[in-house]
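1. Give the three-dimensional model of this entry:
(one chain, ligands or ions: 2)
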Amino acid sequence: MYIVFEGIDGAGKSTQINLLKEFLEANGLEVECVVEPTDSEVGKLIRRILQRPDSTTDHVQKTLGLLFAADRMLIMDKLSDDKKVILSDRSFISSLAYQEHADWIKVLNKYAKKPDLVLLLDLDVKKSVSRSSGEDEFENEEFLTNVRANYLEIIKDFNHEIIDANKGINKVSSDIKKAVAPHVGLCKDCIL
Ligand SMILES: Nc1ncnc2c1ncn2[C@@H]1O[C@H](COP(=O)(O)OP(=O)(O)O)[C@@H](O)[C@H]1O
Ligand SMILES: Cc1cn([C@H]2C[C@H](O)[C@@H](COP(=O)(O)OP(=O)(O)O)O2)c(=O)[nH]c1=O
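-> Ligands and ions are numbered 1, 2, ... in the order given. Here you go, the predicted structure:
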């Protein structure tokens, strides 16, 4: 089971992945977490490029589209372990939302694993900017407004749940557990 967390920067993906992992493990499931960009050589290069002042310009975005697709191929074996619940912080859906040029990005990611479930943590852009470190050029209001709109459109093509990420951490966590429970054979009504 490959469950992907998506959302703009600061939406709470890593916080919620940790909470869901604890919950699933307490219910006897084997869980593995992955993060994109990864800690591979390609992932390290991506993180450097994300900090360039011109990172949101068209050619740098296309460069990132290529690198993200390569980085994700390096974790394909891990994502394909059907005995585990894989919780992923981002996927090729991030490339569709951030890098745009949808047809080209789809071709580049032809061999990327398709998620069984996408949880879109939908956060107000202003909250995202105030939560983020400000280190990356990506974390600006205009850019993220566009990314959020892209997500709401793209997500329709996938089995998904939209989670209101503006709520407190515990409420978001309980909404996520309720959304995931039926997919992993747990009782939705047993979650507070
Ligand atoms: N529901 C929430 N309400 C308020 N702050 C939150 C919430 N979820 C996460 N945060 C805080 O926002 C910041 C970004 O959260 P994080 O989980 O790293 O987001 P992401 O992985 O999506 O970038 C962290 O400081 C985290 O503690
Ligand atoms: C996976 C992926 C991430 N990104 C961007 C989104 C983030 O701004 C950045 C990842 O940086 P990161 O600091 O990990 O952000 P977050 O905590 O919000 O996930 O890379 C893309 O533009 N395309 C992609 O395909």
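
2. where does the protein dip in pLDDT?
-> Along the chain, segments meeting pLDDT under 70 span 134.

3. Return the distance of the residue nearest the centre of the chain relative to residue 178.
-> The chain has residue 90 as the residue nearest its centroid, 2.4 Å off, counting by C-alpha atoms, centre = their mean. Going from residue 90 to residue 178 by C-beta to C-beta, to the nearest Å gives 22 Å. Backbone N, C-alpha and C define where each C-beta goes, glycine included.

4. For burial, what's the neighbour tally of the closest residue to residue 143 other than its chain neighbours?
-> Once flanking residues are discounted, residue 143 sits nearest to residue 56: 5.4 Å by C-beta to C-beta, 6 or more residues apart in numbering. A count of neighbours around residue 56, defined by other C-beta atoms under 10 Å, yields 18.

5. Could you shift the numbering so residue one becomes 15, and keep it that way?
-> OK, 15 is where the count begins now, so the last one is residue 70.

6. one step back: next, the contact list for the spatially closest residue to the residue nearest to the centre of the chain that is not a sequence neighbour, please.
-> Nearest residue to residue 104, sequence neighbours excluded (C-beta to C-beta, 6+ apart): residue 50, at 4.1 Å. Residue 50 makes contacts with 57, 82, 85, 86, 89, 102, 103, 104, 105, 108, as judged by C-beta atoms under 8 Å, 6 or more residues apart in numbering.

7. Out of those, list just those in helices.
-> 57, 82, 85, 86, 108 (DSSP state H).

8. burial measure for the nearest residue to the fourth one once chain neighbours are set aside, as a count.
-> What it means is residue 86. Nearest non-adjacent residue to residue 86, counting by C-beta to C-beta, 6+ apart: residue 126, 5.5 Å away. Residue 126 is flanked by 20 other residues according to other C-beta under 10 Å.

9. helix/strand/coil for residue 126?
-> Per DSSP: H, G, I helix; E, B strand; the rest coil, the secondary structure class of residue 126 is coil.

10. in what helix or strand does residue 134 lie?
-> strand 131-136 (DSSP states H and E).
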